[in-house]
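*Asks:* Build me a model from this:
(2 chains)
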Amino acid sequence: MALSEEAVRHVATLSRLQLTDAEVKHYTEQLAKILEHVEQLKKVDTTNVEPMITATLTGNVFRPDEVRPSLAREDALHSAPDHDDEYFRVPQVIE
Amino acid sequence: MSSMAAPVDTRTWQPVIGLEVHAQLKTDTKLFCGCETSFGAPANTKVCPVCLGLPGSLPVMNGKAFRFALKAALALNCTIAKFTKWDRKNYYYPDLPKNYQISQYDLPFATKGWLDITLPDGQARRIGITRVHLEEDAGKLLHDESGAGGESGVDLNRAGTPLIEIVSEPDLRTPAEARAYMEALAKVLLYLDVCDCNMQEGSLRCDANVSIRPTADAPFKTRREIKNMNSFRFVEAAVETEIGEQKEIYANGGTVLQQTRLFNGQTGEIRTMRNKEEASDYRYFPEPDLPPVTLTEADLDGVRGEITELPEERLKRYMEVLKLSEKDAGVLVEFKEMGDYFEQLLAEGIAAKTAANWLISDCQGVLKEKYLTIATCGIAPKAMADLLKLVEAGTVNRASAKSTVFPAMLDAKGEKSAEAIVKEQGLAQVSDSGEIEKKIDEVLAKSEKLVKDYLSGKDAVVNALFGACMKAFQGKANPAVIRPLLEQKLKKLREG
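*Replies:* A predicted model of the protein is given here:
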């Protein structure tokens, strides 16, 4: 399956990755190989095989609707690259 | 003769509207963690490793949220999937700490339902529901309004709050229909008690997909999505504006592009945010951290059993079985608490018409003045029924029941019975005909002119004389006794 450089740039944008032209070329080749490999799997006859949606076949898991303590704000904000006393700070979002 | 005017677009466009409504479920905790869902808590104080998306944390489904979601979907006549799973919807936005939202993509738990609505002109319409799915909300961004162009603040208290997204079929045809649908939907959710529908706090939000087509049988044209409508009025206004803009584009020979647009409630304007993403841009894949849910028919029956009478059913019953007018039935159904209170009065043996009149014509105004509602007034239905029974028995007349007894009961916060108040304030009606006759004679003696008018054939003055009698009794006489006695006396006078 042919993968275009344009598709790689698009996926990189969606993933917020900044790639150099050389990297785009590099990843286009690598990703194409992965897709080719997946393409091979399509040849397996799966007519009577149920799709596997999850590996965790635990049955239903529900939690009771009971309040549990949240983190102290100081701790919640602690690991963020930028914050003030109340909020996480992020570069201004332009809409 | 030539004209330089622009060509007039004579096509009568038909709007095609579908709504996506997000309703916050009324749970105590978030969808996947035990953090409290409280509006207005100090920023970032209702967060934990799960809703912050910290590494190593695992989501666990809130059973009540799932049950509420099921309840809503069943009430909307949906087919419930026996197997449902969640997916990651991947996108980057600062209010989304995990960089994906746990939502449902190809196997939503509910599909193919409907909601019956009544349009403002009384016409009934069935609006299809495409799907209902259960997902988590994002956080809240606070933009720097200083104008300095600095940074934005992020408050993640809301991140992880349980939402159901209810997607309608493109069955709506006018802005008024869109509004009627959303109002009806909100009413159902309120009746089910699964969402508080507080639009100001964002518990109920709406996006609209709008397109127009030249004729009712033409294929759909490209739609645009309008986001951010948090009031019924805004839904109607935004859809109206959007339809106008699309008509103009086509009239000028342009094409409508698939776009996401934002409605500004303050200015009434809509502006384009971005060109619409493709679903594939979200790179959905099954959420590996949450096991799928399987349901049995018995599970569904359990939830079905919790669904009480819905507004449309109640309206129909009030009109057809209780024989109330459409207007009265409508008022009682508008707020569930009102209808519930009405039901309790019926259970206390009050006739439907009496209870409806009392609640609608008499109580509403008094309650409003005191900033109360029937649900918050503090008077138990039993105590209210006792008051109505006093009126029925003629012990107190309806006018004083409304103007004096009911307000006094409210002031006593339900601590005093109607009977005690009637006694205390000496409001018991005089029903003794001897006493009443004496008073009527006095009134007639004092009203020479009115009596003369009556004798000369002006029957209408009977009302004035009746009013004078009621006044003489200071409202404490039983009008049902006064009226016939007065009429009898006047007739005798005329017969001479």
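
*Asks:* which residues of the stretch 101-250 of chain B fall in helices?
*Replies:* B:175-192, B:232-251 (DSSP state H, counting those that start in this stretch).

*Asks:* Just the residues contacting stretch B:252-260, thanks.
*Replies:* B:211, B:221-225, B:227, B:246, B:249-250, B:272-276 (CB atoms under 8 Å, 6 or more residues apart in numbering or on different chains). Bear in mind the C-beta positions are built from the backbone N, C-alpha and C, glycine included.

*Asks:* now, of the helices of the stretch 101-250 of chain B, which is deepest in the fold?
*Replies:* With neighbours taken as mean count of other CB atoms under 10 Å in any protein chain shown, these reach their highest mean count in helix B:175-192, at a mean of 22.

*Asks:* With respect to chain A, which of the contacts of stretch B:252-260 is nearest?
*Replies:* Minimum distance to chain A across the contacts of stretch B:252-260 is 6.3 Å, recorded for B:Met273 (CB to the nearest CB).

*Asks:* Please confirm that that closest one is located within a strand.
*Replies:* Yes: note on B:Met273: a strand contains this position according to DSSP: H, G, I helix; E, B strand; the rest coil.

*Asks:* residues touching it, list them.
*Replies:* Counted by CB under 8 Å, 6+ apart, B:Met273 has contacts A:95, B:227, B:259-262.

*Asks:* separation between it and A:Val93?
*Replies:* 12 Å (CB to CB, to the nearest Å).

*Asks:* Tell me which of the contacts of B:Met273 fall in strands.
*Replies:* B:227, B:259-262 (DSSP state E).

*Asks:* List buried residues within those.
*Replies:* For the ones in strands among the contacts of B:Met273, a neighbour count by 16 or more other CB atoms under 10 Å in any protein chain shown gives the buried set as B:227, B:259, B:261-262.

*Asks:* Format the ones in strands among the contacts of B:Met273 as CSV; extra columns: pLDDT.
*Replies:* Below are the ones in strands among the contacts of B:Met273 laid out as CSV (pLDDT from 0 to 100):
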residue, pLDDT
B:Lys227, 91
B:Gln259, 91
B:Thr260, 91
B:Arg261, 93
B:Leu262, 91
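
*Asks:* List the contacts of B:Ala428.
*Replies:* Contact analysis of B:Ala428 by CB under 8 Å, 6+ apart lists B:395-396, B:422, B:476.

*Asks:* could I get stretch B:190-199 in CSV with only the CA atoms?
*Replies:* Provided in CSV are the C-alpha atoms of stretch B:190-199 (Å, rounded to 0.1, in the frame of the first residue of the first chain):
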residue,chain,number,x,y,z
LEU,B,190,-36.3,16.3,34.2
TYR,B,191,-39.1,13.8,34.6
LEU,B,192,-36.7,11.0,34.6
ASP,B,193,-34.6,12.9,37.2
VAL,B,194,-31.4,12.0,35.3
CYS,B,195,-30.3,15.6,34.5
ASP,B,196,-31.1,18.9,36.2
CYS,B,197,-31.2,20.6,32.8
ASN,B,198,-29.7,23.8,34.2
MET,B,199,-28.6,25.4,31.0
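
*Asks:* Would you agree B:Val21 is in contact with B:Leu185?
*Replies:* Yes: counting by CB atoms under 8 Å, B:Val21 does reach B:Leu185; the two are 5.9 Å apart.

*Asks:* got any residues that touch both of the two?
*Replies:* B:Ile166.

*Asks:* Get me the contact residues on chain A for chain B.
*Replies:* Counting by CB under 8 Å from any CB of the partner chain, chain A comes close to chain B at A:14, A:16, A:53-71, A:73, A:76-77, A:79, A:82, A:84, A:86-93, A:95.

*Asks:* Check which residues of the longest helix seen in chain A are buried.
*Replies:* Counting by DSSP state H, the longest helix found in chain A is helix A:21-41. Neighbour-count burial for helix A:21-41 flags A:27-28, A:32 (criterion: 16+ other CB under 10 Å).

*Asks:* Helix or strand next in line after it, which one?
*Replies:* Counting by DSSP states H and E, the next helix or strand C-terminal to helix A:21-41 is helix A:73-78.

*Asks:* How far off centre is that next one?
*Replies:* Remark: helix A:73-78 is offset 25 Å from the chain centroid, using CA atoms, centre = their mean, to the nearest Å.

*Asks:* Who's the closest spatial neighbour of the residue nearest to the spatial centre of chain B, skipping the chain neighbours?
*Replies:* The centre of chain B sits closest to B:Lys187, judged by CA atoms, centre = their mean, with a distance of 4.4 Å. Residue nearest to B:Lys187 in three dimensions, not counting chain neighbours: B:Pro311, with 4.7 Å by CB to CB, 6 or more residues apart in numbering or on different chains.

*Asks:* do the same with B:Pro407
*Replies:* Closest residue to B:Pro407 apart from its sequence neighbours, by CB to CB, 6+ apart: B:Val366 at 5.8 Å.
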